[in-house]
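Trainee: sequence first, then the predicted structure:
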Amino acid sequence: MAACAPQARWVDVFCERGAFGADEARAVLAAGKAAGLMPRVHANQLGPGPGIQLAVEAGAASADHCTYLTDADVAAFFVLLSVAANDTTRQTTSHAMKALTDFPDQRAWLREDFDNRIGTAVEEFIRWASPVMTFRRTATTDFELGGQTILAGEKVVMFYPSANWDTDVFDHPERFDLSRNPNPHVGFGGGGVHFCLGAHVPRAQLRAIFAELLRELPDIQAGDPTYVPGNFIHGVRTMPCTF
């Protein structure tokens, strides 16, 4: 856990701010360098050494015709990698552990036949946690959704917890039901080009984490969490556990 702490603090710099601009980019870069995660990162820095070189090719093989990422681009790229590969899974683990404490019947049901039941359980963990709360998109064309006209170029905010508790989609969404099937949650996105390419990784991680937790610490109990402020990640800052 100690090894994860610098990365977690780095991600929290972004999650607590809830926006991303020049100031946020500088804060993330500074936090990453302080944690030793980005020893030498600069958008226009090339050459040998331990640094990280990132460029987007503009249709030509020569570096002279490449468009290099700005500091804000580099910071946003690393935030995406850290949040997608780290924060969403650890937050889902925390929320799921709290739910297994609050709903002991569901914990007992899962433990009775873990291998055959963990598949649907993981999907409910993700729906229940909804670790990503919001994303914003820009409409590319005029469209009407739910009687509301959205014009090309307008910004649209998506609220993932709202979708995951939609009573038109889910039967009793307020229930933590590990046998829920089907479970069309949007924890990985709603499909299409923005669907999470690594969705299989957190599913495998959650399966492995809870296999070990429930085997080694079958009576573990989660206390009341404190939360990371912000409107992007449904983050748990602290949550005492006893076993």
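Mentor: Done, it's in.
Trainee: and the helices in the chain?
Mentor: With DSSP state H as the criterion, the chain has helices at 5-17, 22-34, 71-82, 88-102, 104-112, 114-129, 160-164, 200-216.
Trainee: excluding its backbone neighbours, what's nearest Pro173?
Mentor: Trp165 (4.3 Å; C-beta to C-beta, 6 or more residues apart in numbering). In this view, the C-beta of every residue, glycine as well, is placed from N, C-alpha and C.
Trainee: so Phe143 bridges to which residues?
Mentor: Phe143 has these beta-bridge partners by DSSP bridges: Ile150.
Trainee: wait, it touches Glu154, no?
Mentor: No. Using C-beta atoms under 8 Å, Phe143 is not in contact with Glu154; the gap is 9.5 Å.
Trainee: quick one: pLDDT of the residue lying closest to Val169 once chain neighbours are set aside?
Mentor: Closest residue to Val169 apart from its sequence neighbours, by C-beta to C-beta, 6+ apart: Pro184 at 6.2 Å. With respect to pLDDT, Pro184 scores 97.
Trainee: what about Pro184, distance to Thr141?
Mentor: In this structure, Pro184 and Thr141 are 25 Å apart, going by C-beta to C-beta, to the nearest Å.
Trainee: among these two, which residue is more densely surrounded?
Mentor: Pro184 (14 against 8; other C-beta atoms under 10 Å).
Trainee: quick one: low-confidence parts of this protein?
Mentor: 1-29, 31-69, 71, 79, 81-83, 85 (pLDDT under 70).
Trainee: before we move on, the earlier item: measure the residue nearest to Val169 to Leu145 for me?
Mentor: Here Pro184 is placed at a distance of 18 Å from Leu145 (C-beta to C-beta).
Trainee: before we move on, back to that, quick one, which of the helices of the chain is nearest to Phe135?
Mentor: Of all the helices of the chain, helix 160-164 sits nearest to Phe135, with 7.5 Å by C-beta to C-beta.
Trainee: report the buried residues of that closest one.
Mentor: For helix 160-164, the neighbour count (16 or more other C-beta atoms under 10 Å) marks 160-161, 163-164 as buried.
Trainee: only alpha carbons, please: show it as CSV.
Mentor: Listed in CSV are the C-alpha atoms of helix 160-164, where the atom choice follows Å, rounded to 0.1, in the frame of the first residue of the first chain:
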residue,chain,number,x,y,z
TYR,A,160,-23.0,8.1,-14.6
PRO,A,161,-24.6,7.4,-11.2
SER,A,162,-27.9,8.8,-12.5
ALA,A,163,-27.7,6.3,-15.4
ASN,A,164,-26.8,3.5,-13.1
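Trainee: endpoints of stretch 142-156, how far apart?
Mentor: Using C-alpha to C-alpha, to the nearest Å, the end-to-end distance of stretch 142-156 comes out at 12 Å.
Trainee: show residues contacting it.
Mentor: 136-141 (C-beta atoms under 8 Å, 6 or more residues apart in numbering).
Trainee: coming back round to it: from the buried residues of helix 160-164, which two are the most distant?
Mentor: Across these, no pair lies farther apart than Pro161 and Ala163, at 7.3 Å, counting by C-beta to C-beta.
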